[in-house]
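Q: Let me see the structure of the following:
(one chain, ligands or ions: 1)
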Amino acid sequence: MAPTIDMEARFLDYVTAENKVEPKDWMPEGYRKTLVRQISQHAHSEIVGMLPEANWITRAPSLRSKLILLAKVQDEAGHGLYLYSAAETLGTSRDEMIADLHSGKAKYSSIFNYPTLSWADMGAIGWLVDGAAIQNQVMLCRASYGPYSRAMVRICKEESFHQRQGYEIMLHLAKGTQEQKDMAQDALNRWWWPSLMMFGPSDDNSPNSAQSMAWRIKRKSNDELRQEFVDKTVPQAKFLGLSIPDADLRWNEALGQHDFGSIDWNEFFAVVAGNGPCNSERIEARRKAHAEGAWVREAASAYAAKQAARRSSAAATKPQAA
Ligand code: FAQ
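A: Numbers count the residues shown, from 1 in each chain. The predicted model follows:
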């Protein structure tokens, strides 16, 4: 049935009244497409996001930190899987989404295209990257699409543990020897600006925001969230005794918020276009992992087919009730 203007208007009223949309409900095609785009990009970000930290599992400085990092990276895999499942309820298969990631067609967060050069980067990622992720994702727990919003509730709880594990590493280093403090400062210097870029382009250059907000997918704009993140993170840096690498950062008494310097949008768009420091390495690692996992998928499919055949032959030989 072709949608009518009336159906679109009723849908808008429905989501404006804070009702949840479920997979079998009627929805505008644009709403479906927007969700598949955002949720699959989010899923890819979680999966690609495992790579920079996985790089340090074998080099964690203690058994305790290794266990925690391992658990965190596994959590990110779980987030990717909930999100692929949520996107699949909209009628796009996981195979299609993964093929789009591997071909370079689908985006994933710019932040995961930067290298992890020292153990302090594990602290900076947890503190800043997971911190930025939570800032953006708490609002998504109230997204109008039911499966996405429910997945986000669990993801946010886990991200909050990740943020604390990162801050704990930073605290340990910042209160340690001069060399450790220098490592922590260097990690903050390298991760600060890319973390601010995670929130996406500024509001006057964010083509998807207005419609996503009207559909109650996004609740706050990219700039609003970025500002909240800066205001929350500056006192945390102060507590660590580290300086944020921004000469223009200062408290604005009149506005009750921090002013901060301009973001290098040329860098952001170059990274999103595939030209960041690690883009090709990340996609290559994902393609390789997918190819090496082919036998697992084949074995699981063969097992499922065998089980189904057993069940149907058992049903065929079962004596019929008189
Ligand atoms: N990187 O019109 P807008 C994590 C694209 S998860 C790359 O403002 P929108 C957990 C955007 O897609 C991090 N591309 O778009 C973790 C659009 O392109 P398109 C991921 C970006 O969708 C932690 C174009 O620019 N989080 O970190 C980026 O309204 C540690 C125009 O932008 C999510 O995905 C970017 N940073 O707002 C894992 C949260 N920003 O698609 C491991 C869900 C924008 O039209 C370790 N997503 N673009 O071709 C969202 O909330 C939104 O999609 C935004 C972007 C806010 C990311």
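
Q: in this structure, which ranges drop under the pLDDT threshold?
A: In the prediction, the chain carries residues with pLDDT under 70 at positions 1-3, 320-322.

Q: for the residue in it that the ligand sits nearest to, what are its contacts?
A: Proximity to the ligand, evaluated over the chain using Cβ to the nearest ligand atom, is greatest for Gly49 at 2.7 Å. C-beta coordinates here come from the backbone N, C-alpha and C atoms, glycine included. Applying Cβ atoms under 8 Å, 6 or more residues apart in numbering, one finds that Gly49 lies in contact with Glu76, Tyr108, Ser109, Ile111, Phe112, Val129.

Q: same thing with Ala174?
A: With contacts taken as Cβ under 8 Å, 6+ apart, Ala174 has the following neighbours: Gln180, Lys181, Ala184, Leu240, Gly241, Leu242.

Q: Just give the number of residues close to the second one.
A: Same thing as Lys181. For Lys181, the count of nearby residues is 17 (other Cβ atoms under 10 Å).

Q: so which strand or helix has it?
A: Using DSSP states H and E, Lys181 falls within helix 178-197.

Q: residues of the helix or strand that that helix is followed by that come out buried?
A: Scanning forward in sequence from helix 178-197, with DSSP H and E defining helices and strands, the next element found is helix 209-214. Of the residues in helix 209-214, those scored as buried under the neighbour-count criterion (16 or more other Cβ atoms under 10 Å) are Ser209, Ser212.

Q: Show residues contacting helix 209-214.
A: Leu12, Gly30, Thr34, Gln38, Asp203, Lys218, Arg219, Ser221, Asn222.

Q: same thing with stretch 286-304?
A: Contacts with stretch 286-304, where a contact means Cβ under 8 Å, 6+ apart, come from Ile47, Val48, Leu51, Ile98, Leu101, His102.

Q: quick revisit: most neighbours among the contacts of Ala174, please name it.
A: Scoring these on neighbours with other Cβ under 10 Å, the highest-scoring entry is Ala184 at 27 neighbours.

Q: Spell out which parts of the stretch 151-300 of the chain neighbour the ligand.
A: Applying Cβ under 6 Å from any ligand atom, we find that the stretch 151-300 of the chain lies next to the ligand at 197-201, 206-209, 212, 218, 222, 272.

Q: Take those residues and lay them out in a markdown table including distance to Ala43.
A: Putting those into a markdown table (distance: Cβ to Cβ, whole Å) gives the following:
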| residue | distance to Ala43 |
| --- | --- |
| Met197 | 20 |
| Met198 | 16 |
| Phe199 | 19 |
| Gly200 | 17 |
| Pro201 | 21 |
| Ser206 | 21 |
| Pro207 | 21 |
| Asn208 | 17 |
| Ser209 | 21 |
| Ser212 | 17 |
| Lys218 | 17 |
| Asn222 | 20 |
| Val272 | 17 |
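
Q: just checking, what packs against the helix holding Lys181?
A: helix 120-124, helix 130-137, helix 146-174, helix 222-240, helix 265-270 (3 or more Cβ pairs under 8 Å, 6 or more residues apart in numbering; DSSP states H and E).

Q: Format these as JSON lines; extra columns: distance to Asn252.
A: As requested, these are arranged in JSON lines below (distance: least, Cβ to Cβ, whole Å):
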{"stretch": "helix 120-124", "distance to Asn252": "26"}
{"stretch": "helix 130-137", "distance to Asn252": "19"}
{"stretch": "helix 146-174", "distance to Asn252": "25"}
{"stretch": "helix 222-240", "distance to Asn252": "10"}
{"stretch": "helix 265-270", "distance to Asn252": "22"}
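
Q: Which of these has the highest mean neighbour count?
A: Comparing the helices and strands packed on helix 178-197 by mean neighbour count (mean count of other Cβ atoms under 10 Å), helix 120-124 comes out on top with a mean of 27.
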